[in-house]
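Chemist: need a 3D model of the following:
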Amino acid sequence: MHLERSRSGGSMKFCTNCGERRGVTSFCRGCGKGTPPDTQPRSAGPSSPGGLDTAPVPTQRRAETDPAVSFVSKDLPEVPASQPERGWGLRAVVAILTLALVVVAVGASLWWFTRSDPSGNDTTAAPPTTAQKTPSDITTTSPDLSTSDPTPAPTPTMTSQAALALTVDDARSVLMQWQSRDAARVAGLAGFWVPQVSSKCTGIAVDLRPDFIPDGRIDEFSVTVQQILALQTALVDRYDAVLTTGNDLGIEQRPGTICGSQMIWIALVPDTFYSPDGAHAWCQAAGYPKDECAARFVVPPGQDGTRLDLRE
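Modeler: Next up is the predicted model:
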């Protein structure tokens, strides 16, 4: 620190390091370094017209290369380097969103142009529709009855009286149809004893009355095929009986027997028992005479071994 005298005769304080005017503080305002305190009293000089001291302004600062006034950068507080400009993250997000919107817009445009033709019509495939047919469009084909069997098929409305009105051929045809219809049910009875409520061939003496319920007395001495069908119709209505033949049951028909080589029509009640006693008990409970109801053991079709057990 050195002093210079002002033009009015007063002394001024300057920094010995940088030559900056120090003022009244102990630190230089230019370089920030401390300066030794003043040891010389401030001389009074003539006052300015305004009553204030006027300090002379140094005509020239000492050169920075002067060792007396030079300073190194390490003596000054380090100024932080300029930080990179913030906000780049927000700009990146905005750019990505903009790119995504562009991609979506392009995709929507491509989809629209691929589903529409140049004329603007929608070319999306419509679901197939089924044309509604009017009654005039529907044609019906009548079945060809030229080769069908003229014999009336059995129906639930068949009654004993209707059976009696049929011809011999028609009645025999109906019996054969029922035999074929009931074949599966008869096969299901194999291995069991069942009640046998009728076993007849044409031309033999039988008990049919009253109302096709045997009472133990012979009332028809030469039964016809129509009467056998009428009896079977009554048994179906009464016991849900099934129709089979001696051949189907494996009965051996020999010449000289009552029926000989004629077809034997047999009616079975589909109630199964493990012994003939059960079938006999059924016959007795139904009120059948001994000679009109017996126990039949059924074997599988095509096998031998069927047996008939008569009540005592």
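Chemist: residue 220 is in contact with residue 230, isn't it?
Modeler: No. Taking contacts as C-beta atoms under 8 Å, residue 220 lies outside contact range of residue 230: 10.8 Å. C-beta: built from backbone N, CA, C; applies to glycine.
Chemist: comparing the two, which shows the higher neighbour count?
Modeler: More crowded of residue 220 and residue 230, by other C-beta atoms under 10 Å: residue 230, with 24 against 15.
Chemist: let me see the contact set for that one.
Modeler: By C-beta atoms under 8 Å, 6 or more residues apart in numbering, the contact set of residue 230 is 160-161, 163-164, 212.
Chemist: that one should be in a helix, yeah?
Modeler: Yes. Checked against DSSP: H, G, I helix; E, B strand; the rest coil, residue 230 lies within a helix.
Chemist: model confidence score at it, please.
Modeler: You'll see residue 230 listed with a pLDDT of 94.
Chemist: can you list the low-confidence ranges for the protein?
Modeler: For the chain, applying pLDDT under 70 flags the ranges 1-13, 21-27, 34-88, 113-157.
Chemist: residue ranges of each domain in it, please.
Modeler: Listed domain ranges for the chain are 1-70, 160-309 (source: automatic domain parsing).
Chemist: any idea how far residue 227 is from the spatially closest residue to residue 212 that is not a sequence neighbour?
Modeler: Excluding its sequence neighbours, the residue lying closest to residue 212 (C-beta to C-beta, 6 or more residues apart in numbering) is residue 234, at 4.0 Å. According to C-beta to C-beta, to the nearest Å, residue 234 and residue 227 sit 11 Å apart.
Chemist: how about residue 105?
Modeler: Residue 105 sits at a distance of 95 Å from residue 227 (criterion: C-beta to C-beta).
Chemist: now residue 287
Modeler: 21 Å.
Chemist: who's in contact with the spatially closest residue to residue 249 that is not a sequence neighbour?
Modeler: Spatial nearest neighbour of residue 249, chain neighbours left out: residue 306 (4.9 Å); criterion: C-beta to C-beta, 6+ apart. Contact analysis of residue 306 by C-beta under 8 Å, 6+ apart lists 249-251, 296-299.
Chemist: from residue 29, how far out is the nearest residue to residue 219 once chain neighbours are set aside?
Modeler: Counting by C-beta to C-beta, 6+ apart, residue 219 lies nearest to residue 209, which is 4.6 Å off, once chain neighbours are set aside. Taking C-beta to C-beta as the measure, residue 209 falls 154 Å from residue 29.
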